[in-house]
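Student: got a predicted structure here, sequence first:
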Protein chains: 2
Amino acid sequence: MKMELWFTEKQTPSVGITCKVLRTLHREKTPFQDITVLDTEQFGRMLVLDGMVQTTIYDEFAYHEMLAHVPLNTHPHPCKVLIVGGGDGGTAREVLRHSRVERVTLVEIDRRVVEISRRFLPELACSFDHPKMEVFFEDGVEYVKKKEGVYDVILVDSPEPIGQAARLFSAEFYEAVFRALRPDGLFAAQTESPFFNRDLISSVYKKISRLFPIAKLYLAVVPTYPSGLWSFTIGSKKFDPESVDPKEIPSFPLRYYNSDVHFASFKLPDFVRELLCQEVKS
Amino acid sequence: MKMELWFTEKQTPSVGITCKVLRTLHREKTPFQDITVLDTEQFGRMLVLDGMVQTTIYDEFAYHEMLAHVPLNTHPHPCKVLIVGGGDGGTAREVLRHSRVERVTLVEIDRRVVEISRRFLPELACSFDHPKMEVFFEDGVEYVKKKEGVYDVILVDSPEPIGQAARLFSAEFYEAVFRALRPDGLFAAQTESPFFNRDLISSVYKKISRLFPIAKLYLAVVPTYPSGLWSFTIGSKKFDPESVDPKEIPSFPLRYYNSDVHFASFKLPDFVRELLCQEVKS
């Protein structure tokens, strides 16, 4: 009988996703984390950080398109864009589709994530040599704290709020993001699963809505992420993502995001709406 | 060390969901299938048919609300409703929220699914004694074939298209459904995952759009179902689910479905839209 190798991520202490591994392509321990690249039968190549699925060739389009295009199409002139995290390059790839973007700055704490992604995930890491791109390998929170009134759009493409990454979900960080944005700037962050991370979503939304005049949650589906349902939270100083003129939304050749999906992603099931109301009251 | 029991469903040959089991509440083999009821730590009680998660206390609301309320709020006077399958009772519970419904007929092939659900899933199976309900234990395809012009709405709440249940995804069955509906009737069926069951969705949509003047796909998220993203297909003789007057949609105390979600669920990501176009062309 042929040996089968399966990788299981415990997404919570009591539920996991398990998938058949064809080959372990890479494994190393950096000062920041354990980085593994697997080739899986269902999802193709998969980047795993500290045992948690970060992205896969199969479904990364859903996550990266939705993290990038909803905020970028909300801002009428997104010239300077900052990506915090996102070392796999998928978010930068989507941002660079927007011709009005003049400069993309990516700040990734772990240089090895970028290097390994360039080698094993070239479909995502295809933009690091783009003339509009600049990359800094340093702590995202500290980087943002040094900036004031610089960016039109900031995208927070972070791992789960565990260890160092927890700071990317703090009020202190969101205040720094607010200051780093121009007076009409906006930002979006991945904010985990409305099924499995209810308290986190409530707390993040509360923090963001205290700072930004416009705070909104939107949803997408990413099969390899816990529960499949994924949330993003936008904080905006001026532009409302639901007031965009659909005719102004460019039609790129994408696989998930389109003008209809832009608006539909803000229509929340009742149990998600409740996460936003409960905490704002308290 | 405490023993841990984990149940794993292989959702495809190369990916699975795995969850921690507190207790096996029931297990039996009927003439039709293996029926298991587990108590899981993450999802509460879970009904498993032939090793596949059928429903859980944790996320059944998403599936049952979306299968029932989208079609029922599309039909202006849904008096007679037929449910094919749905022996756990969750769909019937949602249908009975609509006061205009006068008669709900549920046809379930396996009497034991209803009996076991009444015992272990009373939150779902709460409507079997309702005066408007009638239940028949027989083959759903054969039952529908005997009917002509009877129902306003038919809901197909089937398991995966494996074995006997495959007939519930056949052109022959959809033709019988068309005949069993009144001249302004409509039906909705659960039609699996747009990520993992692309060919099935294309083929079902093709069959339904050949018969019904209006054929539309809509989406919901159900974490315990493969990929989390779930599709439903509507075939309608007259009423368009996207032309409903939002003011006519009653506001029940629900957890997933609401008037915004009704319309948003028809806004499809590009990779799902493609499933519908490709096959219609061929």
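Tutor: Structure's in. What do you need? This one's a predicted model, so the numbers in the text were calculated from it and none came from an experiment.
Student: CA atoms for contacts and neighbours, from now on please.
Tutor: OK.
Student: can you show me the strands along chain A?
Tutor: Assignment of strands within chain A using DSSP state E yields the ranges A:5-12, A:15-29, A:34-40, A:44-49, A:52-56, A:80-85, A:103-107, A:133-136, A:151-157, A:181-190, A:214-221, A:229-236.
Student: quick one: closest of these to chain B.
Tutor: Nearest to chain B, of all the strands of chain A, is strand A:15-29, at 4.3 Å by CA to the nearest CA.
Student: for that closest one, name the packing helices and strands.
Tutor: Packing partners of strand A:15-29 (3 or more CA pairs under 8 Å, 6 or more residues apart in numbering or on different chains; DSSP states H and E): strand A:5-12, strand A:34-40, strand B:15-29.
Student: name every strand pairing with it and say which way it goes.
Tutor: If you go by DSSP bridges, strand A:15-29 pairs up with strand A:5-12 (antiparallel), strand A:34-40 (antiparallel), strand B:15-29 (antiparallel).
Student: what angle separates it from strand A:52-56?
Tutor: In terms of direction (axes from the mean of the first three to the mean of the last three CA atoms, to 10 degrees), strand A:15-29 departs from strand A:52-56 by 80 degrees.
Student: centre of the chain to strand A:15-29, how far?
Tutor: In terms of CA atoms, centre = their mean, to the nearest Å, the centre of strand A:15-29 is set 21 Å apart from its chain centre.
Student: related to what we said a few turns ago, dump the helices and strands packed on strand A:15-29 to JSON lines, plus mean neighbour count.
Tutor: Formatted as JSON lines, those follow (neighbours: other CA atoms under 10 Å in any protein chain shown):
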{"stretch": "strand A:5-12", "mean neighbour count": "17"}
{"stretch": "strand A:34-40", "mean neighbour count": "21"}
{"stretch": "strand B:15-29", "mean neighbour count": "17"}
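Student: who wins for proximity to A:Cys19 among those?
Tutor: Closest to A:Cys19 of these, according to CA to CA: strand B:15-29, at 4.3 Å.
Student: ok, residues contacting that closest one?
Tutor: A:14-20, A:42, B:4-11, B:34-42, B:224, B:226 (CA atoms under 8 Å, 6 or more residues apart in numbering or on different chains).
Student: apply 6 Å and report the result again.
Tutor: By CA atoms under 6 Å, 6 or more residues apart in numbering or on different chains, the residues outside strand B:15-29 that reach it are A:14-19, B:5-10, B:34-41.
Student: what parts of the stretch 101-250 of chain A come near chain B?
Tutor: Contact residues, the stretch 101-250 of chain A versus chain B (CA under 6 Å from any CA of the partner chain): A:223, A:227-228.
Student: so what's the residue count around A:Glu65?
Tutor: A:Glu65: 21 surrounding residues under other CA atoms under 10 Å in any protein chain shown.
Student: thought A:Asp152 was touching A:Pro78?
Tutor: Yes: under the criterion of CA atoms under 6 Å, A:Asp152 makes contact with A:Pro78 at 5.4 Å.
Student: hmm, back to that, let's have the helices and strands packed on strand A:15-29 in a markdown table, adding mean pLDDT and distance to B:Pro246.
Tutor: Below are the helices and strands packed on strand A:15-29 laid out as a markdown table (pLDDT from 0 to 100; distance: least, CA to CA, whole Å):
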| stretch | mean pLDDT | distance to B:Pro246 |
| --- | --- | --- |
| strand A:5-12 | 97 | 38 |
| strand A:34-40 | 98 | 44 |
| strand B:15-29 | 98 | 37 |
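Student: as TSV, those with distance to B:Arg103 would be great.
Tutor: Formatted as TSV, the entries for the helices and strands packed on strand A:15-29 read as follows, by distance: least, CA to CA, whole Å:
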stretch	distance to B:Arg103
strand A:5-12	42
strand A:34-40	49
strand B:15-29	32
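Student: so which of these comes closest to A:Val204?
Tutor: Once the helices and strands packed on strand A:15-29 are compared by CA to CA, strand A:5-12 is nearest, at 19.6 Å.
Student: of the strands of chain A, which is nearest B:Lys206?
Tutor: Counting by CA to CA, B:Lys206 lies closest to strand A:214-221 out of the strands of chain A; the figure is 24.6 Å.
Student: give me the residues contacting that closest one.
Tutor: For strand A:214-221, contacts defined as CA under 6 Å, 6+ apart pick out A:209, A:228-236, A:265-266.
Student: quick check: the farthest pair among the residues you listed?
Tutor: Pairwise distances across the contacts of strand A:214-221 (CA to CA) peak at 26.1 Å, for the pair A:Gly228 and A:Ser236.
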